[in-house]
Every structure is written in structure tokens, then in C-alpha cells.
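1. sequence unknown, structure follows:
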């Protein structure tokens, strides 16, 4: 007996938002009903491509019969659509970060709990098979007790200059740190305690984009500490749009992961480390990239087939970490993350 399909809509059809309808249209457990984007031409295009309805208004999804919605709007534009959808009783999957404002993140967490819906943040590195191997190694004691880590995730400068028209309303701290900060907390199974950050500005500012060029932040996890590094000014000549690696030291071992180079390189006009293609099925007609797993998992969780993973509490924690990074950059001192969460929570009472 086949399971009932979960009816779903998608809000935001930008670079990554375009992947969501692709997955839901392909997945047996989902029925793609409607796509939404402020750009009417784009909304019409994707509705035609997948044979679904389209709209330019989130309110149409709020008042619709769809059970679940993916929100893939720009970093700064998550709060209002997510809150409206939650209050309408919709299950919600939102792209990282949950929000770029800690008070808003806490409000969304409370709204999701009150409504009793499935509310997830797409921290997709949790579904990366290599990252799952790292977590299994830590949990099995293969490297002993972790005590030091280094997580780098940076982008070629074209990401800020060409890919994101809203780059000046985000920055490497909001666009990139959520990936690595959630990943580190998940791998370590620990809550971050405090952060001290330093950064550089000027390169992007001179090009009309009000954003940090690069940031390093050291986060204490009690008995362990992790240095996070993100930059938006990596030269475009680099072999990958990403510059990323992970190193974790335990008291009896070490794990290292080069996230750029998967063992395949092309050299023609440029030496390149290719990505597994996104937005297309493989030559056998399958949509097999692990980056799509969070969307499928979201549907399976709604159907009662999986426990909740990367819920809004994880989103609140990451928003608090990045907020603390910004506070440390502004104040030049270490910021207690847990105190920041509690102080913000008190302002909402």
C-alpha cells in the first residue's frame, strides 16, 4: 500500500530554492502543489516546468490547503513568511540560517512548539555521507575525546559579487558559518559556550558590498574548542568555488576532511574540482545527490517515518552563535553564547 503524499509548496526560487521543487516533484512521498516567488516570470516558469500552481504572494500559501512549505528566501527574509506559515499550521523547512536575528529565531521556535508542527532547518551537511562517517568515528571513540578543531568554509569572490544580489544584507558569517557551526555542534554533540572573533573588511566594501571579507571565530565547547574560518574573497582562479576543510583532533587520533577535492579534477581552460551536478538527474534518471536528502527527510518526518532532525532549536543555536560573532567583532571581546540566548529570551517575556 502506498503512503499518502504530503502536499507541499515552495517559497523562494533563487539559486538554491530552485532545488526544492525539483526534489518534491521527483519524490514519491510528496506532491508539489504550488511555487511562490516575487518574480512573476520565474514563478510562472517553474510552475510550467513542474505542472503546479504559482503565486507571488506567501499569503496564498498561508490560506491554501498545502500541508508543508519549504522557505528558501534570502538569509534576511525568513522570519515573516515562516511565522505566517507556522501560525497557519503548516509544516516548515527553512534554509539556513533560521533567521539573522536572535529574537526572531526564538519567536519562530516558540511558534513551532505551540503549533506542534514539523519545523526543520536545512543544515544539509548532516546528510553528507562523509560527515556521517566522521560523527560515527567520534561516537565510537575512534579518535578519542575531541579537544580541538578547525572548520573552514569560504567562497570565491564571485559568490558575493555575482551570485547574490542581496550579499550586502548577509555576509560570510550568515551565509557560510551556519553550515560549519551546526556541523561542529552536531559532530561534537555539545553546546557552544563562548566565542571570540576577528575579521577583515575593505575589499568587498570597495566594490559596493557592505560585508566582511573574512572572519575567524574561536568557539569554546567546554573541554574542546573549534576555530571557524569563512571568507567571501577567495580568488576566482581557485579550482573550486568552495575553499573548505575540516580537521578534528581527539586525545588518541585525528580526522581530516578536504571538502573541495573529491578525487576528480578536470584541466582544460582551468584546473577544476567539479561538483556533482545540481538541478539535473543522472544519466539513469535518478536524483541522487545527498544535498537533496533533507527535503526528502522533511517529508518522511511529516509522514511519521523519521524522528525530527535539525529542528528549530538547532537553528536558534546557530543564530545565537553568529550573533555572538558579530558582537565579538563589534566589541573586541569574548561573548558568552548561552548568556546571549537567555538575555534575548528575557526580552520576549
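-> Perfect, thanks for sending it. All values reported here derive from a predicted model rather than from experimental measurement.

2. how much space between the residue lying closest to residue 163 once chain neighbours are set aside and residue 133?
-> Leaving aside its sequence neighbours, residue 163 sits nearest to residue 15 (Cβ to Cβ, 6 or more residues apart in numbering; 6.3 Å). Bear in mind the C-beta positions are built from the backbone N, C-alpha and C, glycine included. Residue 15 sits 28 Å away from residue 133, taking Cβ to Cβ, to the nearest Å as the criterion.

3. tell me which strands and helices the helix or strand hosting residue 298 is in contact with?
-> Element membership for residue 298 (DSSP states H and E) is helix 293-302. Contacts defined by 3 or more Cβ pairs under 8 Å, 6 or more residues apart in numbering; DSSP states H and E place helix 293-302 against strand 6-11, helix 19-26, strand 68-71, strand 91-95, strand 119-122.

4. Quick one, which of those gets closest to residue 200.
-> With Cβ to Cβ, the closest approach to residue 200 among the helices and strands packed on helix 293-302 belongs to strand 91-95: 26.6 Å.

5. Can you list the strands that that closest one pairs with?
-> Partner strands for strand 91-95, per DSSP bridges, with pairing direction: strand 68-71 (parallel), strand 119-122 (parallel).

6. can I get these in a markdown table with distance to residue 39 and mean pLDDT?
-> Below are those laid out as a markdown table (distance: least, Cβ to Cβ, whole Å; pLDDT from 0 to 100):
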| stretch | distance to residue 39 | mean pLDDT |
| --- | --- | --- |
| strand 68-71 | 16 | 98 |
| strand 119-122 | 21 | 98 |
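
7. now the ones you listed in TSV, with mean neighbour count and distance to residue 307?
-> Formatted as TSV, these follow (neighbours: other Cβ atoms under 10 Å; distance: least, Cβ to Cβ, whole Å):
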stretch	mean neighbour count	distance to residue 307
strand 68-71	26	17
strand 119-122	28	11
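
8. Any chance of TSV for those, columns distance to residue 256?
-> Converted to TSV, the strands paired with strand 91-95 look like this (distance: least, Cβ to Cβ, whole Å):
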stretch	distance to residue 256
strand 68-71	34
strand 119-122	26
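
9. Going along the chain, name the strands of the stretch 51-200 of the chain.
-> 53-55, 68-71, 91-95, 119-122, 146-155, 194-200 (DSSP state E, counting those that start in this stretch).

10. Relative to residue 217, which of those strands is closest?
-> strand 194-200 (3.9 Å).

11. who does that closest one touch, helix- and strand-wise?
-> Short answer (3+ Cβ pairs under 8 Å, 6+ apart): strand 194-200 packs on strand 214-220, helix 312-331, strand 335-336.

12. returning to what we had before: please identify which of the helices and strands packed on helix 293-302 is closest to residue 40.
-> It's strand 6-11; of these, that one is closest to residue 40 (Cβ to Cβ) at 14.2 Å.

13. now the end-to-end length of stretch 241-258.
-> 14 Å (Cα to Cα, to the nearest Å).

14. With stretch 159-173 instead?
-> Stretch 159-173: ends 14 Å apart by Cα to Cα.

15. swap in stretch 112-119?
-> 6 Å.

16. And for the spatially most central residue of the chain, nearest residue in space, chain neighbours not counted?
-> With distances taken as Cα atoms, centre = their mean, residue 96 lies nearest the centre of the chain, 3.1 Å away. Leaving aside its chain neighbours, residue 96 sits nearest to residue 178 (4.1 Å; criterion: Cβ to Cβ, 6+ apart).
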